[in-house]
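Peer 1: Sequence and computational prediction follow.
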Amino acid sequence: MQLVDNDTFLSQLSSLFTSTKERGTIWLTHKRLTHDGEDATMDSGDESREYPCIIRATDGKKTKFSTHITSGQLDKFVGAYGALLRASMTTLRKRDKKREKVRAEKQAARKQRLAEPILVEGPKRGKGRRKRQRKIKAAVKQEAVRQRIQERQEAKEKAKA
């Protein structure tokens, strides 16, 4: 991991965004830097100390760099960093709301079909027998699905408790 100053970090980040404009992923992590190379000690009376912030960027392959930001530089850096992120987020894909809506409608229709009981009617023998047999089979299948859903809900409630 390469540690760079703030301006170099922003320029490298913008070049990383342009290199992954068509295809690729970038991971950004923000953290409070509590360890600065010295040995860790158990001092509980160190409440007034201001800790710097570390921001890391990587593309998951070979490009990795980070920067430390002190509390005095934070406002200036966040302004430049936010502007860079807003400018670079234009390549994100929008959610396909039509597909989500169709999926939700299908789910609602399925729940409604499960709620409606299947009426088994028609002659036991003769004309219409096959239709009656299909309805009986569908009713048995619907009841099995209801049982599985109920078991899942009970398992979820048990896990929460």
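Peer 2: That came through, no problem. Owing to the predicted nature of the structure, the values given are computational and were not obtained by experimental measurement. Numbers count the residues shown, from 1 in each chain.

Peer 1: Show the residue spans covered by the helices in the chain.
Peer 2: Remark: helices of the chain, listed N- to C-terminal, are 6-19, 74-88, 97-115, 129-160; assignment by DSSP state H.

Peer 1: Columns mean pLDDT and distance to Cys53 on top of those, output as a markdown table?
Peer 2: Bear in mind the C-beta positions are built from the backbone N, C-alpha and C, glycine included. Written out in a markdown table, the entries for the helices of the chain read as follows (pLDDT from 0 to 100; distance: least, C-beta to C-beta, whole Å):
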| stretch | mean pLDDT | distance to Cys53 |
| --- | --- | --- |
| helix 6-19 | 92 | 11 |
| helix 74-88 | 92 | 7 |
| helix 97-115 | 89 | 36 |
| helix 129-160 | 92 | 37 |
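
Peer 1: Please produce TSV containing those helices, extended by distance to Tyr51 and mean neighbour count.
Peer 2: Rendered in TSV, the data for the helices of the chain read as follows (distance: least, C-beta to C-beta, whole Å; neighbours: other C-beta atoms under 10 Å):
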stretch	distance to Tyr51	mean neighbour count
helix 6-19	17	15
helix 74-88	11	13
helix 97-115	41	10
helix 129-160	37	11
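
Peer 1: Tell me which of the ones you listed approaches Pro123 most closely.
Peer 2: Closest of the helices of the chain to Pro123 is helix 129-160, at 6.3 Å (criterion: C-beta to C-beta).

Peer 1: Spatially central residue for this structure, please.
Peer 2: Most central in the chain under C-alpha atoms, centre = their mean is Arg95, positioned 12.8 Å from the mean C-alpha point.

Peer 1: just to revisit the earlier point, right, and the helices of the chain - which one's nearest Arg56?
Peer 2: Within the helices of the chain, the stretch nearest Arg56 is helix 6-19; the backing value is 9.6 Å (C-beta to C-beta).

Peer 1: which residues are contacting that closest one?
Peer 2: Counting by C-beta atoms under 8 Å, 6 or more residues apart in numbering, helix 6-19 makes contact with 4, 26, 55, 57, 59, 63, 65-67, 69, 73, 77, 80-81, 84, 88, all of which sit outside it.

Peer 1: now stretch 147-161
Peer 2: Residues external to stretch 147-161 that are found in contact with it (C-beta under 8 Å, 6+ apart): Leu114.
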